[in-house]
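Q: Next come a sequence and a model predicted from it.
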Amino acid sequence: MSDIKIARVTLKEITLLHQALRALAVDLGDDFLTDEDTLCEAVCGANAPCIALLAHAGGEPLGIALASRVFSTVRGGAGLYVSDLWVAKAQRGKGLARRLLALTAQEGVSLNAGHFLKLTVYHDNPQALAAYDQLGFIRQVDETNMILTGTGLAALKETS
């Protein structure tokens with residue numbers, strides 16, 4: 001584990017980040033619609049809304065964390081929403097996800113977004129749920145994630 005380097009993603013690592021995010025989508029059985037250009041703009045653009053950390057050794061992606069700032073009046077300030085966290089199968093159970101989350105939290109402090117970390121876990125992923133429980137994350141059973149995309153989002157944008 002000591003030869004694994006973790007750092008913020010720069011332009012030269014966008015392809016590795018993209019590969020890791022695609023692997024996460026495969027692991028979860030999710031669609032994957034993000035192309036490298038969009039990802040590059042989100043992470044490395046002038047007004048990049050996201051930060052990404054990449055764990056790698058020898059040019060092989062071993063883990064990633066992708067997060068964006070979010071503000072909460074309930075939590076008293078800004079924090080980071082970790083939208084994507086992935087560790088390669090061979091590295092799981094060795095503390096790499098904990099390291100990625102710890103460094104993400106540290107990045108949050110440097111961005112004045114250190115009040116909290118938030119993430120979403122699929123109900124059918126008991127290993128992830130147990131790992132986050134062990135880290136001290138609190139399940140928000142009184143909240144429901146809701147997403148508006150496509151024609152519904154377009155219609156809302158047209159409302160004035």
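A: Okay, I see it. Computed from a predicted model, the values in this text were never measured in an experiment.

Q: tell me what the helix or strand of the chain with the lowest mean pLDDT is packed against?
A: Among the helices and strands of the chain, helix 126-135 carries the lowest confidence by mean pLDDT, DSSP states H and E, at a mean of 93. On a contact count with 3 or more C-beta pairs under 8 Å, 6 or more residues apart in numbering; DSSP states H and E, helix 126-135 meets helix 96-110. Every residue, glycine included, has its C-beta placed from N, CA and C.

Q: just to revisit the earlier point, now the angle between helix 96-110 and the least confident helix or strand of the chain, please.
A: Taking axes from the mean of the first three to the mean of the last three C-alpha atoms, to 10 degrees, one finds that helix 126-135 is oriented at 50 degrees with respect to helix 96-110.

Q: Just the residues contacting helix 126-135, thanks.
A: Ala97, Arg98, Leu101, Leu119, Val121, Tyr122, His123, Arg139 (C-beta atoms under 8 Å, 6 or more residues apart in numbering).

Q: Against Leu119, how distant is the last one?
A: Counting by C-beta to C-beta, to the nearest Å, the gap between Arg139 and Leu119 amounts to 11 Å.

Q: picking up where we left off before, among the contacts of helix 126-135, name the buried ones.
A: Buried members of those, scored by 16 or more other C-beta atoms under 10 Å, are Ala97, Leu101, Leu119, Val121.

Q: separation between the second one and Gly63?
A: When distances are taken as C-beta to C-beta, Leu101 and Gly63 turn out to be 10 Å apart.

Q: hmm, back to that, of the contacts of helix 126-135, which is the nearest to Ala67?
A: Leu119 (8.6 Å; C-beta to C-beta).

Q: ok, the closest one - contacts?
A: So Leu119 contacts Tyr81, Val82, Ser83, Leu85, Tyr132, Phe137 (C-beta under 8 Å, 6+ apart).
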